[in-house]
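> next one to model:
(one chain, ligands or ions: 1)
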Amino acid sequence: MNQQITVEVSGIDFSAAHFVSEGGKCERLHGHNYQVAVLIWGKIDSLGMVIDFREIKRRVRLLSKKWDHHILLPQLSSLIKVNQKGNQVQVETPNGAYSFPTRDVKVLNVVETTAEELARVICQKLIEGLKADYPNLTQVRVVLSESPTAQAIVTMTM
Ligand SMILES: [Zn+2]
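The predicted structure is shown next:
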């Protein structure tokens, strides 16, 4: 019998600041308490598991921790220009300029730091790490909530 089993972990959170540009305008700098849930599809191994829940949580926490209490900035935005200058990150937006200490910032390879793009990055990084260790896995889904009523869901096949 060809079975696909899904395992899910949730309740992993991180807090970060960002702003998103749209239609030539930029939001004000603001923060979210993001919640991450991850679903993983695969076949059961000889130990009766798809993957140990603790192992998924450990990997998702590691990724979340890197962004926790940081300002998330997009590297690929057409409106938000991000440049490293010494120990500062200079950010130019249609609303004005910011300068942040480098240690407080994560510059991500995304067009905007939307929930969709953040979920995609988490999903890609998870798959990169899991691929070699777990050949029984087939699909990963990341659900990233930026508020109780707004979430982005990204699903990728391994
Ligand atoms: Zn926001």
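
> low-confidence ranges, this structure, go.
By pLDDT under 70, the weakly predicted segments of the chain are 1.

> redo that, cut-off 90
Residues of the chain meeting the criterion pLDDT under 90: 1-4, 21-26, 45-47, 94-95.

> run through who's touching stretch 41-61.
Stretch 41-61 is contacted from outside by 3-7, 9, 12, 36, 38, 40, 122, 126, 129-130, 134, 136-141, using C-beta atoms under 8 Å, 6 or more residues apart in numbering. (Glycine included, C-beta is placed from N, CA and C.)

> flag every buried residue along that stretch.
For stretch 41-61, the neighbour count (16 or more other C-beta atoms under 10 Å) marks 41-42, 50-51, 56, 59-61 as buried.

> next up, phi/psi of residue 24, please.
Dihedral pair for residue 24: phi 80, psi 0, per degrees, to the nearest 10.

> residues contacting it?
Listed by C-beta under 8 Å, 6+ apart, the contact partners of residue 24 are 79, 94.

> if we can go back for a sec, from the buried residues of stretch 41-61, which is closest to residue 102?
Using C-beta to C-beta, residue 61 is the member of these that lies nearest residue 102, at 23.6 Å.

> pretty sure the closest one belongs to a helix, no?
Yes: counting by DSSP: H, G, I helix; E, B strand; the rest coil, residue 61 is part of a helix.

> for it, give its distance to residue 122.
Computed with C-beta to C-beta, to the nearest Å, the distance linking residue 61 and residue 122 is 11 Å.

> next one: residue 128
11 Å.

> quick one: which of the two has more around it?
residue 122 (24 against 9; other C-beta atoms under 10 Å).

> secondary structure class for that one?
Secondary structure, three-state DSSP: residue 122 is helix.
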